[in-house]
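Student: compute the structure for the input listed below.
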Amino acid sequence: MKNKPILAIIGGGASGMTAAIFAARKSKGKIKIIILEKMDRVGKKILATGNGRCNFSNIFADCKNYHGKSPEFTSYALSKFNPLSTIDFFASIGVLSKQEQDGRIYPYCDRASSVLDALRFELDRLGVEIRTSFKINEIIADKSGFKLISKNNPSLSAQRIIIAAGGCASPNLGSDGSGFELLRKLSHKVTKLSPALVQLKTEEKEVRSLKGIKFIGKASAYVNDKKIADQTGEILFTDYGLSGIPIFQLSVLTALKDNIKIKLDFMPEYSYKEVYEILISRRKQLSHLRSENFFNGLINNKIGCMTAKKSGIEKLSLPVKDISDENIKKMAALIKQTVFNISGTKGFENAQVTAGGVLCSEFDDKTMQSKLIKGLYCTGEIYDIWGDCGGFNLQWAFSSAFLAAESAVNL
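Tutor: Reported below is the predicted structural model:
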């Protein structure tokens, strides 16, 4: 009996596993499908998504939620396999979903492990072979297909391959950037790579006294003194800088840029004039207090003390009644806009996704197939595509996997 043709999928993460399921369902046993995962088990990164709850899609996912040189590359894939398709797919393998704030989709049971288990159960049902601790060191393309070389395992031949190896984010969970090196050796171009959806670092002395403070405010990102975007929500001061969903969102937009400043608004519901008038009123109302207590009941007191010092009040023991009009003006301005120079990020070890990747222009957006090498497909984070925080990156992983699988089984 003639051996079945082989589709090898490099990477056993969310995109690789779903690509294998899509391919197995369509091929109906006519093709042997093998997942090659360099870690000791598949899906480790899934367990860490959504703080262990797995925010696996967003009902509002659209081309505008993605970034890179060619975000429009996502349009066709998202139209063919959209968030509702994702919800239906997971329902088909036993995962009931629910929609939460801002369109985020989670498993109803709130357990990322349930998503991974459901994928594994379906792979087993479909007869997909999984080989773990199988790191690919080189791919050789020839007329018959591909030879996959591994230093610690026997080489493997396949007629088609899907590279779903992820980016560089969270290398301890498997995304160590090795897929980029494989593609470079195959003459594909890879853009500059940078951490995204990650905490931002500032000068330590700027935030040391504020460590652990959370507040609802607005963060605005500036690059070379030009405003790029702003986000409102819960912002966290850390010993190294800034964190929280608004900061993560801004890191997506500034990932590949230099000279970044973040300007924080501690009272975004109020105008500068309104804040100024509030402070003037408080000076009279709280004249019996010292400056260190001037902000009590208005904003976090430590943030208030920082604001007072930055306004020129050297000793916080100064009576409130002696705060000058000039100090009030400066404090109002600082409440509306305190500037932090960004010195870097917390790196790929703490990032959720990679900004940058293999050039989309070298692939067909209808099939995810390489324009340089027939039979080679890529999915997910390995592209120069990255999404906003909130389930958009996993949706892209699934949508691109769907197209790649649909095309790759047409041997």
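Student: helix or strand: which one has residue 333?
Tutor: For residue 333, the host element (DSSP states H and E) is helix 325-336.
Student: nope, residue 354 is what I meant
Tutor: In this structure, residue 354 sits in strand 353-355 according to DSSP H and E.
Student: quick one: strands adjacent to that strand?
Tutor: When sheet partners are counted by DSSP bridges, strand 353-355 sits next to strand 194-196 (antiparallel).
Student: which residues touch the next helix or strand after the helix holding residue 333?
Tutor: Downstream of helix 325-336, the first helix or strand assigned by DSSP H and E is strand 338-341. The contact list for strand 338-341 (CB atoms under 8 Å, 6 or more residues apart in numbering) reads 202-203, 206-207, 241-242, 260-264, 266, 306-307, 310. C-beta: built from backbone N, CA, C; applies to glycine.
Student: repeat the analysis, applying 7 Å as the threshold.
Tutor: 202-203, 206, 242, 261-264 (CB atoms under 7 Å, 6 or more residues apart in numbering).
Student: just the buried residues from those, in ChimeraX please.
Tutor: The ChimeraX command for the buried members of the contacts of strand 338-341 (criterion: 16 or more other CB atoms under 10 Å) is given here:
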select :202,206,242,261,262,263,264
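Student: what average pLDDT does the helix holding residue 333 get?
Tutor: Averaged across helix 325-336, the pLDDT comes to 98.
Student: equivalent analysis for stretch 237-246, please.
Tutor: Here stretch 237-246 scores 96 as its mean pLDDT.
Student: now do the buried residues in it.
Tutor: Across stretch 237-246, burial judged by 16+ other CB under 10 Å covers 237-238, 240-246.
Student: stretch 347-363 now?
Tutor: Buried residues in stretch 347-363, defined by neighbour count with 16+ other CB under 10 Å: 348, 351-360, 362-363.
Student: would you mind measuring the gap between the ends of it?
Tutor: 28 Å (CA to CA, to the nearest Å).
Student: other residues contacting it?
Tutor: Contacts of stretch 347-363 (CB under 7 Å, 6+ apart): 68-70, 73, 167-171, 180, 183, 188-199, 255-256, 369-372, 378, 381-386, 393.
Student: can you redo the buried residues of stretch 237-246 as CSV with secondary structure and distance to residue 57?
Tutor: What follows is the buried residues of stretch 237-246, written out as CSV (DSSP: H, G, I helix; E, B strand; the rest coil; distance: CB to CB, whole Å):
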residue, secondary structure, distance to residue 57
237, strand, 31
238, coil, 29
240, coil, 31
241, strand, 30
242, strand, 27
243, strand, 24
244, coil, 22
245, helix, 17
246, helix, 21
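Student: of those, closest to residue 141?
Tutor: Ranked by distance to residue 141 (CB to CB), the buried residues of stretch 237-246 are led by residue 245 at 42.2 Å.
Student: cross-check the contact I'm expecting between the closest one and residue 236.
Tutor: No: under the criterion of CB atoms under 7 Å, residue 245 makes no contact with residue 236, lying 9.4 Å away.
Student: residues contacting residue 199?
Tutor: 238, 241-243, 247, 345-346, 350.
Student: now the contacts of stretch 347-363: which count as buried?
Tutor: Neighbour-count burial (16+ other CB under 10 Å) is assigned, among the contacts of stretch 347-363, to 68, 70, 73, 167-171, 180, 183, 188, 190-191, 193-199, 255-256, 369-370, 378, 381-386, 393.
Student: of those, which belong to helices?
Tutor: Secondary structure assignment by DSSP state H places 180, 183, 393 of the buried ones among the contacts of stretch 347-363 in helices.
Student: what is the nearest of these to residue 286?
Tutor: Of all these, residue 393 has the smallest distance to residue 286: 47.7 Å, by CB to CB.
Student: what sits closest to that closest one if chain neighbours are left out?
Tutor: residue 387 (4.4 Å; CB to CB, 6 or more residues apart in numbering).
Student: next: residue 74.
Tutor: Nearest non-adjacent residue to residue 74, counting by CB to CB, 6+ apart: residue 66, 4.9 Å away.
Student: bridging residues for the one you found?
Tutor: residue 387.
Student: can you pull the contacts of it?
Tutor: Residue 66 touches 74, 385-387, 392, 396, counting by CB under 7 Å, 6+ apart.
Student: could you dump the residues you listed to JSON lines with distance to residue 162 and pLDDT?
Tutor: Shown next, in JSON lines, are the contacts of residue 66 (distance: CB to CB, whole Å; pLDDT from 0 to 100):
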{"residue": "74", "distance to residue 162": "17", "pLDDT": "98"}
{"residue": "385", "distance to residue 162": "16", "pLDDT": "98"}
{"residue": "386", "distance to residue 162": "19", "pLDDT": "98"}
{"residue": "387", "distance to residue 162": "20", "pLDDT": "97"}
{"residue": "392", "distance to residue 162": "21", "pLDDT": "98"}
{"residue": "396", "distance to residue 162": "15", "pLDDT": "98"}
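Student: mind listing what's buried along the host helix or strand of residue 278?
Tutor: Per DSSP H and E, residue 278 falls inside helix 272-285. Buried residues in helix 272-285, counted by 16+ other CB under 10 Å: 275-276, 278-279, 282-283.
Student: what do you get for stretch 45-57?
Tutor: Of the residues in stretch 45-57, 45-46, 49-50, 53-57 count as buried by neighbour count, 16+ other CB under 10 Å.
Student: give the residue farthest from the middle of this protein.
Tutor: Farthest-out residue of the chain from its mean C-alpha position, per CA atoms, centre = their mean: residue 288, at 49.2 Å.
Student: in the protein, what helix or strand scores lowest on average pLDDT?
Tutor: helix 204-207 (a mean of 86; mean pLDDT, DSSP states H and E).
Student: show me the contacts for residue 328.
Tutor: Contacts of residue 328 (CB under 7 Å, 6+ apart): 276, 279-280, 283.
Student: residue 295: which of the residues you listed is nearest?
Tutor: Comparing the contacts of residue 328 against residue 295 with CB to CB places residue 279 closest, at 9.1 Å.
Student: so that closest one touches residue 332, yeah?
Tutor: Yes: counting by CB under 7 Å, residue 279 touches residue 332, with 5.7 Å between them.
Student: how about the residue farthest from the centre of the chain, secondary structure?
Tutor: Taken by DSSP: H, G, I helix; E, B strand; the rest coil, the conformation at residue 288 corresponds to coil.
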